[in-house]
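Asks: would you be able to build a 3D model of this:
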Amino acid sequence: MSLNLVRLLIFAKAPQAGSVKTRLIPALGAQSAAELARQMLRHTLREALAAQIGPVELCMSPAPQDLAWRGVAIPRTVLRSAQGGGDLGERMARAVQRVTTQRRQSVLLMGTDCPGLTAARLTEAAEQLQSHDAVLVPAFDGGYVLMGLKAPCPALFTQMRWSTSNVASETLRRMAALQLRVWQAPPLHDMDEPADLVHLPAAFHGAQFLKSNRPLAHVLID
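Replies: Now for the predicted structure:
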C-alpha cells in the first residue's frame, strides 16, 4: 500500500495522573491509571507506525507545546496537532474536515484505549476504506475504537451522546441515512472501566499498576 493513502489520526490526552482514565482510578489509583494511559499511547503509536499505511498524526489535548506533555516520548516521525476547543464531536469533526479537505487524504480516526488495534487490523481497515465510504470498528461497550472516512461527515459527530452504549449503533444508523457504503469489523475491547482490565494483554501487566500496594493481578481477580 502506498504511503500518503490514508492518515492515521490518533486522539490522545496527556497521561497526567487524575486527568486520564478516571474511571479506572478506583481500581488502579490515579498514578497507575496514568501510567496505563502512557503505555497505551506508546503501544498505539508503535502499531500505527508499524502499519506503514500513511502519515501518523497525534491530535493532542492539551496542545503539543503544553507542559503536560513534558517527558512523554513521542517518535519524531509522528506529526503533532492540537485538538482545539469544543466537545468531542466538534473536535473529531474538525480534524476529519482538515485531513480530508486540506490534506486530501482519507483518515483513520482512533483513540489510544484499545490495545487490540494492531498494525494488522489498521492495515485491514485502510484496505477496506479503499472500496468503501467508511469503516467502523465497534467496541464491546457499545462505542467504537476506530472510524475511517474519505470525506467530511459532520452529521456523524453532532449531537451524539458520547460514552453511552449506543454510540456505534447510532453512528451506523447515521451512516446508513447518508447512504455510505460501510465496512464493519468485529468488536474489540477498550480499557475504560475496571471490568475491562481482564482483557488487558499480558504485555501491559509488567508495569506494576498498584492500588494500596496491590499488584494489578490482584485487582483483576478481587
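
Asks: C-terminal to the lengthiest strand in the chain, what's the next element?
Replies: Counting residues, the longest strand found in the chain (DSSP state E) is strand 6-13. Counting by DSSP states H and E, the element after strand 6-13 in chain order, helix or strand, is helix 25-28.

Asks: is it correct that A17 is in contact with A37?
Replies: No: between A17 and A37 there is no contact, the gap being 9.3 Å when judged by Cβ atoms under 8 Å. For every residue, glycine as well, the C-beta is placed using N, CA and C.

Asks: of those two, which one has the most company?
Replies: Shown here are A17 and A37; by other Cβ atoms under 10 Å, A37 has more neighbours (23 against 15).

Asks: list the buried residues of the helix or strand hosting that one.
Replies: For A37, the host element (DSSP H and E) is helix 30-51. Buried residues in helix 30-51, counting neighbours by 16 or more other Cβ atoms under 10 Å, are found at 30, 32-45, 47-49, 51.

Asks: for stretch 134-148, same thing?
Replies: Result for stretch 134-148 [16+ other Cβ under 10 Å]: buried residues 134-139, 141, 143-148.

Asks: stretch 21-35: how far from the chain's middle?
Replies: 18 Å (Cα atoms, centre = their mean, to the nearest Å).

Asks: between the two ends of that stretch, how far is it?
Replies: 10 Å (Cα to Cα, to the nearest Å).

Asks: make residue 1 into 44 and carry on from there
Replies: Fine by me, first position is 44 from now on; the one you just mentioned is stretch 64-78.

Asks: for the record, mean pLDDT for that stretch?
Replies: In this model, stretch 64-78 has a mean pLDDT of 94.

Asks: same question, stretch 217-233
Replies: Rounded mean pLDDT across stretch 217-233 is 98.

Asks: quote the end-to-end distance of it.
Replies: 23 Å.

Asks: next: stretch 222-240.
Replies: 37 Å.

Asks: mind pulling up the pLDDT for A246?
Replies: 84.

Asks: ok, the one 4 residues further on next?
Replies: pLDDT, the model's per-residue confidence, is 48 for A250.

Asks: helices or strands up against the longest strand of the chain?
Replies: With contacts taken as 3 or more Cβ pairs under 8 Å, 6 or more residues apart in numbering; DSSP states H and E, strand 49-56 sits against helix 73-94, strand 99-104, helix 131-140, strand 149-153, helix 162-174.

Asks: what residues sit buried inside that strand?
Replies: 49-56.

Asks: that one vs strand 99-104, what angle?
Replies: Angle of strand 49-56 versus strand 99-104, following axes from the mean of the first three to the mean of the last three Cα atoms, to 10 degrees, is 30 degrees.

Asks: can you list contacts of strand 49-56?
Replies: With Cβ atoms under 8 Å, 6 or more residues apart in numbering as the test, strand 49-56 has contacts from 62-63, 80, 84, 87-88, 91, 94, 96-104, 126, 134-135, 138-139, 142, 146, 148-155, 165, 169, 172, 191.

Asks: just the buried residues of these.
Replies: Buried among these by 16+ other Cβ under 10 Å: 62-63, 80, 84, 87-88, 91, 94, 96-104, 126, 134-135, 138-139, 142, 148-155, 165, 169, 172, 191.

Asks: would you confirm that M190 contacts V178?
Replies: Yes: between M190 and V178 there is a contact at 7.1 Å, judged by Cβ under 8 Å.

Asks: which residues are in contact with both of those two?
Replies: With Cβ under 8 Å, 6+ apart, M190 and V178 have common neighbours L151.
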